[in-house]
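In: Model the following, please.
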Amino acid sequence: ARHLLRCGLRPSIFEQSQALGGAWNSRSASSKMWEGLTLNLSKYTCCFSDFPWQDYEEDFASQRDMQEYLERYASTFIEKEYFKFGCTVTKVKKNHAFSNTAKEKICSQYKVEWVEEGKSNSQYKEFDAVVVASGFFSAPVVPDYLKLLAGDDGNKIIHSSLYTSSEKYANQTVAIIGGSFSAHEIAANVQQHAKKVINVFPRTPYIFPRYLPYDGGFLPLDVVLYSRSCDGPQTTEIISFDTEEKCSKWHNKLRSFLGNCNKQSVIGYPDMKDPPLISISDDYLNLVISGRIDPIKGKVVGAEFPTVENENEINYSEHISLELEDGNFLTEIDSVIACTGYHNQLDILDKDILDILQFEKEDTFSPLIQCCDTFHPDLPGLAFVGMYKGPYVGVTELQARLVAGLISGKLKLPTAAIDEALKISERIRQQSRLRTTPRFPHFDYIGHMDTLANLVNLTPPERFASKGCMVSPVFYQTNEEMMENCNLRLGKLKDVTVNGGSNKLITRLSMNALIGKWSFERTITEMSSPGEPPQKVSGEVVFSVLNSNSSPSARSSFDSIRYREDGFFELPTGKKLQVFREYDYVYKGDALEIYFVEGGERAHMFLSLKFDKKENEYWVAKSDHLCINDLYLGTFKIAFDGVAARDISMTYRVKGPAKNYESITHLYPIK
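Out: Modelled structure (predicted):
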């Protein structure tokens, strides 16, 4: 709507709810977000080109943040008079009396019918052009075996679009079906209250946290993944994984971010011969390691409420049984959440329109054949914006610019470009016929952005499109001062996270990296007796998730982990004594607090570690603690390999009237 207005047109915006925001509007029946949801793309990608987020705002917005951002954008650029809230469009028809060849227009091209909330009578109006902006995720896909069962008890079986919070699943065994973004994030969220969480998925994805390694530091994953590997623009979009060599190349690139000591192994690795799948979750793998989520690779093919025989009666169990393709069953399930995707609900369009678009409702990968997912040359005046799966805001805004230019007549595309765009759409659909498909039809985000930008004459200036530059929507508009500010912000972001200063981020990443099993070696040196050999302790340490954040708005599923050490103290005589100790590590913003554990319960604080700087390959945190008359000076060091920790050391220098020793512990990951 904003770009139609910019081209001098006056749109009528039909919105079925009473407020804007669509899927992001938690007050709307069409909302598909739960409270506490965090975006999986940062504010540097998830923004409109000339409406950047503010510096003080979080890198990754919440559902509520995004809703407010959309409201600010609309109030800045679109006056309220253009909105028709509470109006549900029921039909869009071609006006067959319209003539493309007549010198004078007989009538408008399309007839739009709608029903206003609270009224029974249908209304209609004729328009010269129609833009369908209902998005790709229109109607939930629910497998047939679940549809039948959901009819018996719809509260026990829901699609992920209806998930709102974890509270209703308290003390339940919950099965999450699917391997999508929502499956992993809902699994991490629902375990906050559930007794047990099982996740069944057909294909194994790479599960990345929201920050990835970059040049010795960490940056939002989209800043890393969507940085140019060569000078742009890249107007030849890669649209298929047509060889095993291409697949293997992308797999190797993705695996390089994980490191050798990564946690991906707890769910397995994707097949190098298949197009790689990526999912995003900060907590999922750590919760699997801690036993909070049980991952099962497989395909669910059936579901039932098993029968229970009681004397002369046959009743149905309150629990659900899921049948897997391999013949095994998952029993005693209290609730099922189906993260099984969406298909396009375009029944508002007349059949003759859908036939031209070669619409295939059951094709959840590429349901329409059209140019750049926006228009078909045989349907002048009809366009789509947001009919796209992938990093969303930048692409949809370029689609909007393209559509506004074509409808207003301010933009003309060469016939050759239109023909090529249709061929690309057909080639993308061919991928949906393969045994395995990529996560997104346009997996080459950089190439897709540059291709769209080239069509609307908005190719980024050379200095913002060179090798190493991030592809942010801000570089796809004409205000160079705004581009420069964005470039400076990205440069500052890289400097802070690489050279230190982002204590909050490093503290969280360090705590997450600790979770898992480690072997340890400890030496205790008596400083007042330098000639004596050091005492030695060795064994195994396990860090596991201790508690869950029950707050719906919490940005992480947990904020503390428990350290459990089991080992042997080696005496000078060679005899070994069994030792055991526990600590709680608690994330407190810019500090990692360590507490003593006594009798299984958290006691008083031992140290409050604060990261200060990076020394060589190690991030260093220090703290001191006075315990009666003894001063404990603690130094914690962690070295990362990809997103995982490869080496950790903890040094305690203890000084006091009766104590004068140094304890150095090294932890090494157990693969």
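
In: most residues in a single strand of the chain, which one?
Out: What stands out as the longest strand in the chain, according to DSSP state E, is strand 601-615.

In: Show me what the helix or strand following that one is packed up against.
Out: Note on strand 601-615: by DSSP states H and E, the next helix or strand toward the C-terminus is strand 618-627. The contact analysis (3 or more Cβ pairs under 8 Å, 6 or more residues apart in numbering; DSSP states H and E) places strand 618-627 against helix 503-514, strand 601-615, strand 630-641. (C-beta placed from N, C-alpha, C; glycine too.)

In: and the angle for strand 618-627 with helix 503-514?
Out: 90 degrees (axes from the mean of the first three to the mean of the last three Cα atoms, to 10 degrees).

In: Okay, now the sheet partners of strand 618-627, with direction.
Out: strand 601-615 (antiparallel), strand 630-641 (antiparallel) (DSSP bridges).

In: winner for burial among the helices and strands packed on strand 618-627?
Out: helix 503-514 (a mean of 21; mean count of other Cβ atoms under 10 Å).

In: Show me how far that one is from its chain's centre.
Out: 19 Å (Cα atoms, centre = their mean, to the nearest Å).

In: do stretch 440-456 as well
Out: Here the centre of stretch 440-456 is set off from its chain's centre by 20 Å, with Cα atoms, centre = their mean.

In: Which parts of this protein are helices?
Out: 2-6, 63-77, 144-150, 181-190, 221-225, 244-255, 284-289, 351-356, 392-408, 415-431, 445-455, 480-499, 503-514 (DSSP state H).

In: Now mean pLDDT and distance to Lys576 too, for those, in a markdown table please.
Out: Formatted as a markdown table, the helices of the chain follow (pLDDT from 0 to 100; distance: least, Cβ to Cβ, whole Å):
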| stretch | mean pLDDT | distance to Lys576 |
| --- | --- | --- |
| helix 2-6 | 96 | 72 |
| helix 63-77 | 94 | 54 |
| helix 144-150 | 77 | 55 |
| helix 181-190 | 95 | 40 |
| helix 221-225 | 94 | 45 |
| helix 244-255 | 88 | 40 |
| helix 284-289 | 94 | 29 |
| helix 351-356 | 95 | 76 |
| helix 392-408 | 96 | 59 |
| helix 415-431 | 92 | 60 |
| helix 445-455 | 94 | 56 |
| helix 480-499 | 84 | 43 |
| helix 503-514 | 90 | 26 |
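
In: contacting residues around Pro438?
Out: Shown in contact with Pro438 (Cβ atoms under 8 Å, 6 or more residues apart in numbering): 241, 275-277, 431.

In: next one: Ile186
Out: Ile186 neighbours (Cβ under 8 Å, 6+ apart): 34, 160, 163, 176, 337, 339.

In: check contacts around the residue lying closest to Leu411 once chain neighbours are set aside.
Out: Spatially, and ignoring its direct neighbours in sequence, Leu411 is nearest to Gly405 (2.8 Å; Cβ to Cβ, 6 or more residues apart in numbering). Residues near Gly405 by Cβ under 8 Å, 6+ apart: 7, 411, 456.

In: gap between Gly405 and Pro377?
Out: Counting by Cβ to Cβ, to the nearest Å, the gap from Gly405 to Pro377 is 15 Å.

In: which ones are touching Thr437?
Out: 275, 365, 431.

In: Mind pulling up the pLDDT for it?
Out: Looking at Thr437, its pLDDT reads 82.

In: now Glu311
Out: With respect to pLDDT, Glu311 scores 67.

In: can you check Asp242 too?
Out: 72.

In: go on, Asn547?
Out: The predicted structure lists Asn547 with a pLDDT of 68.

In: which two in the contacts of Ile186 are spaced the farthest apart?
Out: Trp34 and Ile176 (13.2 Å; Cβ to Cβ).

In: These two: who's more crowded?
Out: Legend: neighbour count by other Cβ atoms under 10 Å for Trp34 and Ile176, higher for Ile176 (30 against 21).

In: Spit out the contact partners of Leu434.
Out: With contacts defined as Cβ under 8 Å, 6+ apart, Leu434 has no neighbours.

In: Who are the contact partners of Phe384?
Out: 131-133, 368, 370, 373-375, 399, 403.

In: Now for the contacts of Gly405, which sits with the most neighbours around it?
Out: Of these, with other Cβ under 10 Å as the count, Val456 tops at 21 neighbours.

In: Low-confidence bits of the stretch 551-671 of the chain, can you list those?
Out: 551-555 (pLDDT under 70).

In: let's go with 90 and repeat that
Out: 551-558, 571-574, 589-590, 611-617, 624-630, 632, 642, 657-658, 671 (pLDDT under 90).

In: for the nearest residue to Leu452 once chain neighbours are set aside, what are its contacts?
Out: Nearest residue to Leu452 in three dimensions, chain neighbours excluded: Leu398, at 3.9 Å (Cβ to Cβ, 6+ apart). Leu398 makes contacts with 449, 452-453, 456, 458, 476, as judged by Cβ under 8 Å, 6+ apart.

In: neighbour-wise, which of the residues you listed leads?
Out: Met449 (27 neighbours).

In: Was I right to think it contacts Val471?
Out: Yes. If you go by Cβ atoms under 8 Å, Met449 and Val471 touch, sitting 5.7 Å apart.

In: what is in contact with these two at once?
Out: The contact lists of Met449 and Val471 share Gly394, where a contact means Cβ under 8 Å, 6+ apart.

In: Most neighbours among the contacts of Thr437, please name it.
Out: Counting by other Cβ under 10 Å, top hit in the contacts of Thr437: Pro275 with 22 neighbours.

In: What residues sit buried inside stretch 431-445?
Out: By neighbour count on 16 or more other Cβ atoms under 10 Å, the buried set for stretch 431-445 is 431-432, 436-445.

In: An error on my part: the question was meant for stretch 129-149.
Out: 129-138, 140, 142, 146, 149.

In: Any chance of those residues in TSV with distance to His3 as columns?
Out: Shown next, in TSV, are the buried residues of stretch 129-149 (distance: Cβ to Cβ, whole Å):
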residue	distance to His3
Ala129	13
Val130	15
Val131	10
Val132	15
Ala133	12
Ser134	18
Gly135	17
Phe136	20
Phe137	22
Ser138	23
Pro140	30
Val142	35
Leu146	40
Leu149	45
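
In: what's the closest of those to Ser649?
Out: For the buried residues of stretch 129-149, the nearest to Ser649 is Phe137 (46.8 Å; Cβ to Cβ).

In: My guess is the closest one contacts Tyr342. True?
Out: Yes. The criterion here is Cβ under 8 Å, and Phe137 meets it with Tyr342 at 4.2 Å.
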